[in-house]
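J.: show me the folded form of this:
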Amino acid sequence: MSTATEVKTKWAIDPSHSEIQFKVKHMMVSTVTGAFNEFEGTVESENEDFEGSNIRFSADVASIDTNNGQRDEHLKSDDFFNAGQFPKITFQSKSFSKKSNGNYRLIGDLTIRDNTHEVEMDVEYFGAAVDPYGQTKAGFEISGKVSRKDFGLKWNAVTEAGGVVVSDEVRLVLNVQLVKQ
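T.: Have a look, this model is predicted:
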């Protein structure tokens with residue numbers, strides 16, 4: 001039994017080198033991509049491969065951007081995120097485990113509109129490097145799927161042909177660069 005104190009390495013998301021995106025089917029024939037432009041996150045790791053890390057993340061709902069101002073305002077309304085009452089989307093990890101070399105499974109609680117559900121996402125770790133300024137950076141791509149209705153985002157409309165305007169399934173795609181603190 002070791003009496004040594006565990007040393008945790010702290011990392012923070014580098015927002016200028018990260019993207020937080022989502023993709024949802026529109027009219028079931030095309031995909032709309034959106035992003036959150038304001039977000040923050042931290043990772044505490046005990047080892048170089050990040051296994052077992054504690055991961056926290058939040059995004060500002062008001063920063064949603066789908067390249068269409070009218071749609072963005074609708075998404076901020078009570079039909080979807082209700083940015084006024086629920087300004088943040090949050091995530092807290094429960095586990096981060098290695099599946100194979102460079103591939104991980106991330107499980108945690110995602111909260112949107114005060115609805116919290118456990119989600120599972122795939123993570124690809126691209127490695128770490130020291131930049132020209134002496135900062136250590138690490139890169140990841142995170143992907144998963146959630147049901148928007150599970151989180152209270154229930155608005156929809158029906159087309160003349162009987163199809164839905166917005167699919168229930170939302171794909172999450174995050175490209176994240178961390179900076180060692």
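
J.: my guess is residue 176 contacts residue 42. True?
T.: No - applying C-beta atoms under 8 Å as the test, residue 176 and residue 42 come out as separate, 11.4 Å apart. C-beta here means a position set from N, CA and C on the backbone, and glycine is covered the same way.

J.: these two: who's more crowded?
T.: residue 176 (23 against 16; other C-beta atoms under 10 Å).

J.: my guess is that one is in a strand, correct?
T.: Yes - secondary structure of residue 176 (DSSP: H, G, I helix; E, B strand; the rest coil): part of a strand.

J.: and it, how close does it get to residue 82?
T.: As judged by C-beta to C-beta, to the nearest Å, residue 176 and residue 82 stand 26 Å apart.

J.: tell me, what's touching residue 176 and residue 42 both at once?
T.: Common contacts of residue 176 and residue 42, defined by C-beta atoms under 8 Å, 6 or more residues apart in numbering, comprise residue 13.

J.: could you look up the SS state of residue 134?
T.: Put simply, residue 134 is coil when judged by three-state DSSP.

J.: and residue 88, how many neighbours does it have?
T.: Residue 88: 14 neighbours (other C-beta under 10 Å).

J.: what of the one 4 residues further on?
T.: The number of residues packed around residue 92, counting by other C-beta under 10 Å, is 14.

J.: ditto for residue 28
T.: Neighbour count for residue 28, taken as other C-beta under 10 Å: 12.

J.: what helix or strand is it located in?
T.: Residue 28 is part of no helix or strand, with elements assigned from DSSP states H and E.

J.: do you know the pLDDT at it?
T.: pLDDT recorded at residue 28 is 74.

J.: outside of whatever helix or strand residue 89 lives in, which residues touch it?
T.: If you go by DSSP H and E, residue 89 is part of strand 88-100. Strand 88-100 has contacts (C-beta under 8 Å, 6+ apart) with 36, 41, 49-61, 81, 104-112, 118-119, 123.

J.: please repeat the previous calculation with a cut-off of 7 Å.
T.: For strand 88-100, the external contacting residues (C-beta atoms under 7 Å, 6 or more residues apart in numbering) are 49-61, 104-112.

J.: buried ones among these?
T.: Neighbour-count burial (16 or more other C-beta atoms under 10 Å) is assigned, among the contacts of strand 88-100, to 50, 53-55, 57-59, 61, 104, 106, 108, 110-112.

J.: considering the residues you listed, which is situated nearest to residue 28?
T.: residue 112 (22.7 Å; C-beta to C-beta).

J.: confidence score at the nearest residue to the closest one once chain neighbours are set aside?
T.: In space, and not counting its chain neighbours, residue 112 is closest to residue 151: 3.8 Å by C-beta to C-beta, 6 or more residues apart in numbering. Looking at residue 151, its pLDDT reads 96.

J.: I'd say residue 151 and residue 113 touch.
T.: Yes - the pair residue 151 and residue 113 qualifies as a contact (C-beta atoms under 7 Å) at a distance of 5.8 Å.
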